[in-house]
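>>> pasting the structure only:
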């Protein structure tokens, strides 16, 4: 069979490799061809790990030849955000600070994908240390949105989203501290999930905000994301991450079940939020209709403290970032300023020259917010907001099974269009509350904007550790949207469909 | 400078201690699986977690939490079921993450106390009567403990090329991360200590307590137990605290005492001459017997402490605390009291034996083997054993039995102990082989006594005229006549019986 690699879902690739329809090596080669063909325009990758990919694929093929049972992601090409360690690759966090940093161990989330049989294609571009919403703060290069290469892919996991959207890989992993999976998924027209905090191990993922960070998958369909989720939690609780929890790998179970009788909450005020573009408002109406058509009952809910979450987030996030990035001092690894006379000078200049401006802005903000006298004024109230928003969610989920929100106020913007940092921060408006509270969220494409022609997305959020149910609602939305003729799962950005990456 | 005794007549010293203890008896570090090591090659027991590599995460060591809870229970602290780890930030390469994981306002253990018994010469340091003193001047000082918290130790830095390993003038600094992440407990006292002797006794008692718990080897010399002393002085009768200085580099009990003594006298001299005591950290130089300024604290450091988001809040269960309580063995004070009440030992001897768990185990083993001579066992342990290299409990028991039977003299016991030291020889056999056993056959000895008395008529007369001391000469004659095999105590007894008759 001749097939274009990017037409296949992860589910289909794993099945095809297992059945012998094609080999993992053929798939890996097709993915490498697709990357070679598209990278010049998309620039999703910071490193392509061709050797690792071909070795892993060969191992998968050997296993099959021996008659061994293959993992659920056998032969599926995957990209990892470059803040995740994978031995044999550098982990740069898209920063000069770690430009030459070789991974000394492999992150648990990465290892679990490999254990499931996935083929590691490389490391995806991102905002420097995940500080940003457009991948423009990468110290190395920008990543272009495959739907319009003059536009940003979103961020901070922009490379991971773009690689999937352009058909370079079938799956990718990103990390989400304030929307860094869900917003770029929305910008690039793919599905992106931030699981409940604690569901996926953070061990081996370079920390931004330890109490907010969560790893999750990108795919071109809800089913592929569910498949990846299974692999991420299959090893059980990670003993190396004391905040991780046991989660059952049953995300595909009942995924196709009807949502008849399930309740989806909407917040009328948010659906009409002034920051939303008109096409986004229209899109959300069709998403609501699609869910209703699938049998869901729409109910109105409230998160009364939603207005305070951005303020709380921009206290907690930078405070934790300052602390987490303090270790980058150029003493044992990372950028070291040459020719310094004293340790203090070396530390100061290594940090001044190793970090980009947004990384410095966040750390200086955090250093200020944690200072004695200031801490009580900001950090403490921010934690109180955290308690309040968590209570808001608890109350709201007494009345519904999931809440539907925008994943961002707008579709992808042009490079340089948003230059004021606070304006950039505001694009996280609808995503950060679930990082603050810890519950899961998933972004699902709901069509193309009536004005922009670019992908727009809805976000669904569920109660903590109800991610399986959340994906079931997401699948219903995807189904309803497809039935309405608005967007089909598996869609690759049009310019990159059927272009290279043939499965020989 | 005036002497301490003189200074403390006019001034009252206010002393608080901060004591860091490495939990050396654990197998692994505080937040990772690296082995705890003392003399391994530098940077061999390290991993991404203790090296602070990006992406690594801490996982708390349950056994370390058990140890600190035991320490808290043994020092009468309240165990806090709910507490957090905090991050304490400072940029220095001895802390690989540039923050130390420690505890915040609430520590695992809060508000304890230890009662010090101060007696002898040391009690004289305290001239005031704000404590109840016994006739001999001894007193009990209750010392409050503010908290004991859990933290991780820093790496060891060696500065090459500067003076005395200090950073000033060094050309290179070497870092050994083997120690980085070692579980450390920090105990902070309230400023309740009033004399250097009290400070020394507190440290000694704390060391005995931790040794008995088995949570650390408590070596001041090797730095597994480290003590900083904070001291200020104020005029007697006043309430307001003076400016305090902090003493570092205290690596023996004597250093602690002497550094505080020096510092109290120095501060008194400064103040009496109208000068100002600056809040500063001072380094004790044992060879020169003085403290010198290390650094002046102009402003309080801002460590930007906040709860560590990588470590969930602790919620210690009642069961966990009870499990720790069960593991707390008999503590030195209770053991001392038991030795006094069951064996009738002198309180000071009992305290000496009970203080060190190795010594007390040895004592109890020997006592069990010589149940009729327990007091003699204690006597041998207090007076003879400290001078030996390696004697066995069974040897001490055997020796004590011989002494208790008057079969040898104390001087002979010392000699026998020297012979059996570092061997497995039985003292009984040594005594027999060397013919050291002294006759306790009164009838046989009486023959010799009568013979000597018959011979030494001059001395007998002297005795009867009132020169009782002459009996010593007569004992000597008896010993000579028996060629050393008679028991001098019995000779003495028999001689007196006859002379008084």
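Done, it's in. All of these numbers come straight from a predicted model, not from anything done at the bench. Numbers count the residues shown, from 1 in each chain, chains lettered A, B, ... in the order given.

>>> pLDDT below threshold where in chain A?
Applying pLDDT under 70 to chain A picks out residues A:1-2, A:500, A:504.

>>> If we use 50, what do you get?
For chain A, residues meeting the criterion pLDDT under 50 lie at A:1.

>>> just checking, next helix/strand downstream of whichever helix in it runs longest?
With secondary structure taken from DSSP state H, chain A has its longest helix at helix A:375-396. Proceeding N to C from helix A:375-396, the next assigned helix or strand is strand A:402-406, under DSSP states H and E.

>>> Each with direction, which strands does that next one pair with?
If you go by DSSP bridges, strand A:402-406 pairs up with strand A:263-266 (parallel), strand A:455-461 (antiparallel).

>>> Packing partners of whichever helix or strand comes after the shortest one?
In this case it means strand A:263-266. Counting by DSSP H and E, the next helix or strand C-terminal to strand A:263-266 is helix A:268-271. Judged by 3 or more Cβ pairs under 8 Å, 6 or more residues apart in numbering or on different chains; DSSP states H and E, helix A:268-271 is in contact with helix A:278-293. Just so you know, the C-beta spots here come from the backbone N, C-alpha and C atoms, and that holds for glycine as well.

>>> List the buried residues in the helix it packs on.
For helix A:278-293, burial by neighbour count (16 or more other Cβ atoms under 10 Å in any protein chain shown) applies to A:279-280, A:282-284, A:286-288, A:290-291.

>>> contact partners of that helix?
Here helix A:278-293 makes contact (Cβ atoms under 8 Å, 6 or more residues apart in numbering or on different chains) with A:259, A:264, A:266, A:271-272, A:276, A:298, A:404, A:406, A:409-411, A:444, A:446-447, A:449-452, A:456-458, A:473, A:476-477, A:479-481, A:483-484, A:486.

>>> ok, back up a step: take the strands paired with strand A:402-406 and lay them out in CSV including mean neighbour count and distance to residue B:214.
Output for the strands paired with strand A:402-406, formatted as CSV (neighbours: other Cβ atoms under 10 Å in any protein chain shown; distance: least, Cβ to Cβ, whole Å):
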stretch, mean neighbour count, distance to residue B:214
strand A:263-266, 20, 57
strand A:455-461, 28, 51
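
>>> what's the spacing between the helix or strand containing residue A:228 and its chain's center?
Remark: residue A:228 resides in helix A:222-233, with elements defined by DSSP H and E. Mean-position distance between helix A:222-233 and its chain equals 13 Å (Cα atoms, centre = their mean, to the nearest Å).

>>> Show the buried residues in the contacts of helix A:278-293.
The neighbour count (16+ other Cβ under 10 Å) marks A:259, A:264, A:266, A:271, A:276, A:404, A:406, A:409-411, A:444, A:446-447, A:449, A:452, A:456-458, A:473, A:476-477, A:479-481, A:486 as buried among the contacts of helix A:278-293.

>>> got the contact list for whichever strand or helix holds residue B:358?
Assigned by DSSP H and E, residue B:358 belongs to helix B:357-369. Among residues not part of helix B:357-369, those counted as contacts by Cβ under 8 Å, 6+ apart are B:211-212, B:214, B:329, B:332, B:335, B:343, B:352-354, B:374, B:377-378, B:381, B:393-394, B:396-398, B:400.

>>> Need the buried ones from the residues you listed selected in PyMOL.
Listed next is the PyMOL selection for buried residues among the contacts of helix B:357-369, using 16+ other Cβ under 10 Å:
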select buried, chain B and resi 211+212+332+335+343+352+353+354+374+377+378+381+393+396+397+398+400
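
>>> Out of the contacts of helix B:357-369, which sit inside helices?
Of the contacts of helix B:357-369, the ones assigned to helices by DSSP H are B:211-212, B:332, B:335, B:343, B:352-354, B:374, B:377-378, B:381, B:393-394, B:396-398, B:400.

>>> coming back round to it: from the contacts of helix A:278-293, which land in helices?
Among the contacts of helix A:278-293, DSSP H puts A:271, A:473, A:476-477, A:479-481, A:483 in helices.

>>> tell me which of these is nearest to residue A:141?
Of all the ones in helices among the contacts of helix A:278-293, residue A:141 sits closest to residue A:481, with 33.1 Å by Cβ to Cβ.

>>> Looks like that closest one contacts residue A:446 (just checking).
Yes - the pair residue A:481 / residue A:446 is scored as a contact, 5.2 Å apart, by Cβ atoms under 8 Å.

>>> Can you check which residues contact both of the two?
With contacts taken as Cβ under 8 Å, 6+ apart, residue A:481 and residue A:446 have A:286-287, A:290, A:487 as neighbours in common.

>>> Show me which of these is closest to residue A:307.
Residue A:307 has its nearest neighbour among these in residue A:287, at 23.2 Å by Cβ to Cβ.

>>> Relative to residue B:415, how far out is the closest one?
Using Cβ to Cβ, to the nearest Å, residue A:287 is found at 99 Å from residue B:415.

>>> What is the host helix or strand of residue A:365 packed up against?
Element membership for residue A:365, per DSSP H and E: helix A:357-369. In terms of contacts (3+ Cβ pairs under 8 Å, 6+ apart), helix A:357-369 is packed against helix A:309-324, helix A:375-396.

>>> can you list the ones you listed in TSV and add distance to residue A:424 and mean neighbour count?
Compiled in TSV, those are given as follows (distance: least, Cβ to Cβ, whole Å; neighbours: other Cβ atoms under 10 Å in any protein chain shown):
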stretch	distance to residue A:424	mean neighbour count
helix A:309-324	11	24
helix A:375-396	20	17
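
>>> So which residue is smack in the middle of the chain?
Answering for chain A, as no chain was given. Nearest residue to the geometric centre of chain A (Cα atoms, centre = their mean): residue A:181, 2.4 Å.

>>> looking at chain B here, not the other one
Per Cα atoms, centre = their mean, the C-alpha nearest to the average position across chain B is that of residue B:204, at 3.5 Å.

>>> From residue B:263, how far out is that one?
In terms of Cβ to Cβ, residue B:204 sits 19 Å off from residue B:263.

>>> ok, the closest residue in space to residue B:95 that isn't next to it in sequence to chain A distance?
Distance criterion Cβ to Cβ, 6 or more residues apart in numbering or on different chains; nearest residue to residue B:95, sequence neighbours excluded, is residue B:154 at 5.1 Å. Counting by Cβ to the nearest Cβ, to the nearest Å, the gap from residue B:154 to chain A is 14 Å.

>>> Spell out the secondary structure type for residue B:154.
Of the three states, residue B:154 takes coil under DSSP: H, G, I helix; E, B strand; the rest coil.

>>> again with the one 3 residues further on
Under the three-state scheme (three-state DSSP), the conformation of residue B:157 reads as strand.

>>> quick one, what contacts it?
Contacts of residue B:157 by Cβ under 8 Å, 6+ apart are B:93-94, B:173-176.

>>> can you check residue B:474 too?
Listed by Cβ under 8 Å, 6+ apart, the contact set of residue B:474 reads B:452-453, B:456, B:459, B:463, B:491, B:495.

>>> Now, the residues you listed that are in strands?
Using DSSP state E, no member of the contacts of residue B:474 falls in strands.

>>> Among these, which one sits closest to residue B:199?
For these, the nearest to residue B:199 is residue B:491 (50.7 Å; Cβ to Cβ).

>>> wait, the closest one sits on residue B:479?
Yes - proximity of residue B:491 to residue B:479 meets the contact threshold set by Cβ under 8 Å, at 6.9 Å.
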